[in-house]
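Enquirer: Could you work out the structure for the sequence below:
(one chain, ligands or ions: 1)
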Amino acid sequence: MPLPPGSLLELTPQGLYCRAARAWIDPWRPVPRALITHAHADHARPGCGEYWATGVSEGILRQRLGAGINLIPVDYGQLHRIGGARLSFHSAGHVLGSAQIRLEAGGESWLVSGDYKRCADPSCAAFEPVQADVFITEATFGLPIYRWRPGAELAGEILEWWRAAPQRPSILFAYAFGKAQRLLAELAAIGVGEPGQPGGEGNEILLHGAVEALMPAYREAGVRLPPTGPASALGRGANLAGRLVIAPPSAHRSVWMKRFKLPQTAFVSGWMAVRGARRRRGYERGFVLSDHADWPGLIRSVKDSGARQVYVTHGNSDGLARYLRELEGISAEPLAGGVGAELDDHRDGDGDDAAGDDGDGDDGDGDDAVARGS
Ligand SMILES: [Zn+2]
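Expert: Next comes the predicted model:
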């Protein structure tokens, strides 16, 4: 369903537009002024005149879009005026620096969630519930089958998996920005990297270059992480048995893998909750850890927003909107023909692009998930 004419936000060929602020939110084409929810590639694209984004995400955005971009850093909760609109950024709990964007003009307020989650994540600030008249929410995992377990539990299982194979390198595949660092932070939170603990010797956890490149931004932000080193620093003949290696999915089945003898492999993603996804992708093990809201998290966030109107994008937008209307009595519609359509195209790919990253924290296999649950 398109947005009603004259709304505070409208859909244009460049993306979601706020006329009062003359600004686009996460535009997919170059525009004069972009408001960026977070630094994943399907939300932050190059070529815009002006980028408004959280100061926490500045380092990552400059690294990905160019050091010279015109970036206006904002704090969470800080109120700004642009033209006839007031806007503020609020933590989305998705990845480091991620934000929901709230816009207000003409006596009406809208909240755009970007990607978000409600589960605790030691690598970024927690989701902040914010109220608005209209809420645009994502629904990447918009089916009741998706219910996440705490990250600490998954970290415990990963640690066990790693330590059970001292004769082999253990390679964990996870998206290079966000998921990889969250994994490391979850491991640090259960003691990994402390002196005398696994990972405490400083050379036991190795990172692929695409993951390594984003580590300074996390360390500067004060995120507690175990000691890590670049996998590239070790020569081809090095003994990698017993090491834990974190790499983006694009490295799986690439020549990069040749340096590892008899590795055990695992993929970390919300899509690992879908039966068959792990085997089809050729991983020995799957760990279900997502940076998107699960089903209860989506419902809770819609209720927390207090919105009288909800629009749903990404993933199972039809199903979530129908559930909200029919079972919760909330006016909700899928947002069609714009944000959802364009971004779903991106997400339904394998997500392994040339840059060694995926664009988003939980990419690929979206079709299967929807088919299975419908
Ligand atoms: Zn994202």
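Enquirer: mind checking the SS state of the residue nearest to Gly55 when sequence neighbours are not counted?
Expert: The spatially closest residue to Gly55, leaving aside those adjacent along the chain, is Pro73, at 3.5 Å (C-beta to C-beta, 6 or more residues apart in numbering). For the C-beta atoms, the positions are set from N, CA and C on the backbone; glycine is no exception. Following DSSP: H, G, I helix; E, B strand; the rest coil, we place Pro73 in the strand state.
Enquirer: where's Pro73 relative to Gly47, distance?
Expert: Noted for Pro73: a distance of 19 Å to Gly47, by C-beta to C-beta, to the nearest Å.
Enquirer: Neighbour count for those two, which is higher?
Expert: Neighbour count, other C-beta atoms under 10 Å: between Pro73 and Gly47, Pro73 has more, with 15 against 12.
Enquirer: was I right about the more buried one contacting Ala53?
Expert: Yes. Contact criterion C-beta atoms under 8 Å: Pro73 and Ala53 qualify, at 6.8 Å.
Enquirer: in the stretch 151-300 of the chain, what spans have low per-residue confidence?
Expert: Applying pLDDT under 70 to the stretch 151-300 of the chain picks out residues 236.
Enquirer: quick one: the helices in the chain?
Expert: Using DSSP state H, the helices found in the chain span residues 58-65, 151-163, 179-189, 209-212, 215-220, 277-281, 295-305, 317-328, 339-347, 366-373.
Enquirer: For His314, give me phi and psi.
Expert: phi 70, psi 150 (degrees, to the nearest 10).
Enquirer: give me every residue that touches Pro166.
Expert: 241-242 (C-beta atoms under 8 Å, 6 or more residues apart in numbering).
Enquirer: okay, now Asn316: neighbour count?
Expert: Asn316 has 25 neighbouring residues, counting by other C-beta under 10 Å.
Enquirer: ok, Leu327 to Trp148 distance?
Expert: In terms of C-beta to C-beta, Leu327 sits 21 Å off from Trp148.
Enquirer: of those two, who's got more company?
Expert: More crowded of Leu327 and Trp148, by other C-beta under 10 Å: Trp148, with 23 against 9.
Enquirer: gap between the more buried one and the ion?
Expert: Look at Trp148 and the ion: by C-beta to the ion, to the nearest Å, they are 16 Å apart.
Enquirer: so who does the closest residue to that residue other than its chain neighbours touch?
Expert: Spatial nearest neighbour of Trp148, excluding adjacent residues (C-beta to C-beta, 6+ apart): Asp294 at 4.5 Å. Listed by C-beta under 8 Å, 6+ apart, the contact partners of Asp294 are 117-119, 141, 146-148, 270.
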